[in-house]
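**Q** what follows is a protein structure lacking sequence information:
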């Protein structure tokens, strides 16, 4: 194994690390052999200006990265999609001319693809990872792709670092593992040398990275964009997706077992919900602010590693998205859908965010490589639903070409639908942003605070969530073999929260605490706690859309079962019967109840809560089945609510849980179905 050592380097103006060669044979070059002066910053016009297309170093690096994998996506390979619509809540013409926001009740078709980032196509769904949340709006003026994540910030500030980030997170190239996980030396080596990642890494180690379902997670546009109205007036905007069913995650041990029991857990959940008519819904919210606010805000709004707390700029809900149709063919739609951040429509525009500028450049290139042709827009899933007319022709897999003799302009032929013209009055125009400055590779000093919002995020979590973050850092770093890397990460955590750093260091058994990492800017500990950053502080107080696992045996109390089932139906929740045989069970009244899962195929990790309704003899037999004992013990360990009938005590006794029963264990009778469901609305019994 290669020895790890402390690389010497200088900090840039934004706090980024610049490592310098010590010999001629260590000088980085392009593939053409041209020496590279700066591998941390792309070329832009002015310190905070837009990226420049002449940046051959950025282009070569991104192009090579985009073309590394075929046929699956380089990132976001593991994805799942569905169709639906977006319905506007009102008229936003005062801030944007975007067609889909012009009148109340206007519906726009959408296709959404959820995904993990690091794993391959065959990786499990519930990996600890960022989730992609990409929405294609088929508007009346073209397709708008809002290509975001379930976390509002990102690891890096400049797109030139994206290949490095993903290379470090993917399986290590010499051994080909581990995949779909970041618990290895390469990833944490990169993170420990990239202070700008510290805010994002707090989110990635939180419960946000192991969502219970696509249906129970937020989505974010990540970057700052612009809204532009018909007068050309512009405002800054950030996009948020708020799930109507509320947020929910799983615990880490549960995630590991879910992946073993059902690696398609998130896919199956989305498919089953839509097929059952329980259509997932999200509300689209916007944070709108002007340049005056941006100039006064503590952080640079062009920095994708930062967010704007909802307490500072409230999220205004402007519409609702409903997913109500599964795909007809997974490959034709989910695999062939091509999202490009450059796909915007009149009324929406980009900012000079250097990560967004690079994404605009890169996404089209990667789709060209992945789908083999610029004609990927001809595929039904990618084609606009509004009329589209252009003079582009030929190319691999051209499905339609210009009709007639005209394939150029200007021309003197008759004007008709086959001879389109650019329209200054209706066409897209970029906002008239004044640009000046020297051509340079530079990280703005306004990007240099790497720890303050990380600290704010951690302080905003509940005690339970903070403990999960501590445990996540401990687990991930325990898989890192190189002591120096573990110590470097802890040195960064000291700038975030001293208790967090010491807890992780103690859990890892570090003999000495490292000194705090040198910070480009001192951590601002005065940032206010933001409750919106916590999952548990925003508990949905409903069991709607969730699933109860009912472990049943012959002779179970039918009246109790019916009471629970009726209460679940009223709540809008689902259930499955887990039985000793796939045929199901007979109740104490002699009626048959169909089984949905076999005991050894329906572990409690697949359910949000469990109930055990068994006869005494049945409970004794369950006590002899290892999987049945696991069903109860896992549910208890994962702090789930457990319903039970008195006759099931033999199972509790066999698992040594009878003496440990708490208020999260709820006795069931034929009259307590509704009371049981009310308790389930808390989703977990965290006091256990």
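**A** Done, it's in. These numbers were taken from a predicted model, which means no experiment stands behind them.

**Q** quick one: the helices in the stretch 351-500 of the chain, in order.
**A** With helices called from DSSP state H, counting those that start in this stretch, the stretch 351-500 of the chain shows them at 354-371, 452-459, 463-478, 483-493, 498-508.

**Q** lowest average confidence across those helices, which one?
**A** Sorting these by mean pLDDT places helix 354-371 lowest, at a mean of 92.

**Q** against residue 391, how distant is the residue most central in space within the chain?
**A** In the chain, the residue lying closest to the centroid (C-alpha atoms, centre = their mean) is residue 131, at 2.4 Å. Counting by C-beta to C-beta, to the nearest Å, the separation of residue 131 from residue 391 is 39 Å. For glycine as for every other residue, the C-beta is placed from the backbone atoms N, C-alpha and C.

**Q** what about the stretch 151-300 of the chain, any weak spots by pLDDT?
**A** The stretch 151-300 of the chain contains no residues with pLDDT under 70.

**Q** for the stretch 301-450 of the chain, same thing?
**A** In the stretch 301-450 of the chain (pLDDT under 70), no residue qualifies.

**Q** which stretches of the stretch 101-250 of the chain form helices?
**A** Using DSSP H, counting those that start in this stretch, helices in the stretch 101-250 of the chain cover 162-169, 185-192, 198-204.

**Q** closest one to residue 254 among those?
**A** Closest to residue 254 of those is helix 198-204 (C-beta to C-beta; 17.9 Å).

**Q** who does the closest one touch, helix- and strand-wise?
**A** The contact analysis (3 or more C-beta pairs under 8 Å, 6 or more residues apart in numbering; DSSP states H and E) places helix 198-204 against helix 452-459.

**Q** from the chain's centre, how far out does stretch 28-46 sit?
**A** 31 Å (C-alpha atoms, centre = their mean, to the nearest Å).

**Q** go on, stretch 429-443?
**A** On C-alpha atoms, centre = their mean, the centre of stretch 429-443 falls 31 Å from the chain's centre.

**Q** can you name the residues in contact with it?
**A** The contact list for stretch 429-443, computed with C-beta atoms under 8 Å, 6 or more residues apart in numbering, reads 12-16, 37-38, 40-47, 49-50, 52, 157-158, 226, 228, 232, 234, 346, 349-350, 352.

**Q** among those, the buried ones, what's the PyMOL command?
**A** In PyMOL syntax, the buried subset of the contacts of stretch 429-443 is picked out as below (16 or more other C-beta atoms under 10 Å):
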select buried, resi 12+14+15+16+38+40+41+42+43+44+45+47+49+50+157+158+226+228+234+346+349+350+352
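
**Q** in strands only, show me the contacts of stretch 429-443.
**A** Residues from the contacts of stretch 429-443 lying in strands, with DSSP state E as the criterion: 43, 44, 45, 226, 228, 234, 349.

**Q** can you convert these into JSON lines and add a column each for distance to residue 457?
**A** Below are the ones in strands among the contacts of stretch 429-443 laid out as JSON lines (distance: C-beta to C-beta, whole Å):
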{"residue": "43", "distance to residue 457": "32"}
{"residue": "44", "distance to residue 457": "28"}
{"residue": "45", "distance to residue 457": "33"}
{"residue": "226", "distance to residue 457": "26"}
{"residue": "228", "distance to residue 457": "31"}
{"residue": "234", "distance to residue 457": "29"}
{"residue": "349", "distance to residue 457": "29"}
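
**Q** what two of the residues you listed are the furthest from one another?
**A** 43 and 228, at 26.3 Å, using C-beta to C-beta across the ones in strands among the contacts of stretch 429-443.

**Q** do I have it right that residue 542 meets residue 677?
**A** No. Between residue 542 and residue 677 there is no contact under C-beta atoms under 8 Å: 9.7 Å.

**Q** any shared contact partners between those two?
**A** Shared contacts of residue 542 and residue 677 (C-beta under 8 Å, 6+ apart): residue 571.

**Q** okay, the two: which has more neighbours?
**A** residue 677 (24 against 17; other C-beta atoms under 10 Å).

**Q** quickly find the element holding the residue lying closest to that one once chain neighbours are set aside.
**A** Leaving aside its sequence neighbours, residue 677 sits nearest to residue 567 (C-beta to C-beta, 6 or more residues apart in numbering; 4.3 Å). Using DSSP states H and E, the element containing residue 567 is helix 558-571.

**Q** and that helix, how far out from the chain middle?
**A** How far helix 558-571 lies from its chain's middle: 35 Å, per C-alpha atoms, centre = their mean.

**Q** pull out the buried positions in it.
**A** Buried residues in helix 558-571, defined by neighbour count with 16+ other C-beta under 10 Å: 558, 560, 561, 563, 564, 565, 567, 568, 571.

**Q** list the contacts for the second one?
**A** To tie it back to what came earlier, the one meant is residue 560. Counting by C-beta under 8 Å, 6+ apart, residue 560 touches 613, 645, 668, 669, 670, 673.

**Q** now with 10 Å?
**A** Neighbour list for residue 560: 587-588, 611, 613, 643, 645, 647, 667-673, 676 [criterion: C-beta atoms under 10 Å, 6 or more residues apart in numbering].

**Q** equivalent analysis for the last one, please.
**A** Remark: with contacts taken as C-beta under 10 Å, 6+ apart, residue 571 is in contact with 542, 543, 544, 545, 546, 548, 674, 677, 678, 680, 681.

**Q** pLDDT score for it?
**A** 97.

**Q** distance of it from residue 272?
**A** Applying C-beta to C-beta to residue 571 and residue 272 gives a distance of 17 Å.

**Q** just the fifth one next, same as before
**A** Summarising the geometry, the distance separating residue 564 from residue 272, computed by C-beta to C-beta, is 20 Å.

**Q** give me the buried entries from the contacts of residue 560.
**A** Of the contacts of residue 560, these count as buried by 16+ other C-beta under 10 Å: 587, 611, 613, 643, 645, 647, 668, 672, 673, 676.

**Q** show me what contacts the first one?
**A** Under the criterion of C-beta under 10 Å, 6+ apart, the neighbours of residue 587 are 552, 554-562, 593, 613, 615.

**Q** residue ranges of the strands in the stretch 251-400 of the chain, please?
**A** For the stretch 251-400 of the chain, the strands defined by DSSP state E, counting those that start in this stretch occupy 281-289, 316-326, 348-349.

**Q** residue 67 is nearest to which of those?
**A** Smallest distance to residue 67 across the strands of the stretch 251-400 of the chain (C-beta to C-beta): 28.9 Å, for strand 348-349.

**Q** what's in contact with that closest one?
**A** Outside strand 348-349, the residues that touch it by C-beta under 10 Å, 6+ apart are 96-98, 100-101, 139, 144, 146, 225-228, 234, 237, 239, 428-431, 433.

**Q** apply 7 Å and report the result again.
**A** With C-beta atoms under 7 Å, 6 or more residues apart in numbering as the test, strand 348-349 has contacts from 96, 98, 144, 225, 226, 227, 228, 430, 431.

**Q** correct me, but the fifth one touches residue 238?
**A** No. The pair residue 226 and residue 238 does not pass the contact test of C-beta atoms under 7 Å, sitting 10.7 Å apart.

**Q** from residue 195, how far off is residue 497?
**A** According to C-beta to C-beta, residue 497 stands 15 Å off from residue 195.

**Q** again with residue 575
**A** Applying C-beta to C-beta, the value for residue 575 to residue 195 is 48 Å.

**Q** please apply the same query to residue 519.
**A** Counting by C-beta to C-beta, the gap from residue 519 to residue 195 is 7 Å.

**Q** intersection of neighbour lists for the two?
**A** Residues touching both residue 519 and residue 195 (C-beta under 7 Å, 6+ apart): residue 450.

**Q** who has more neighbours, the two?
**A** A direct count of neighbours by other C-beta under 10 Å for residue 519 and residue 195 places residue 195 higher, at 26 against 19.
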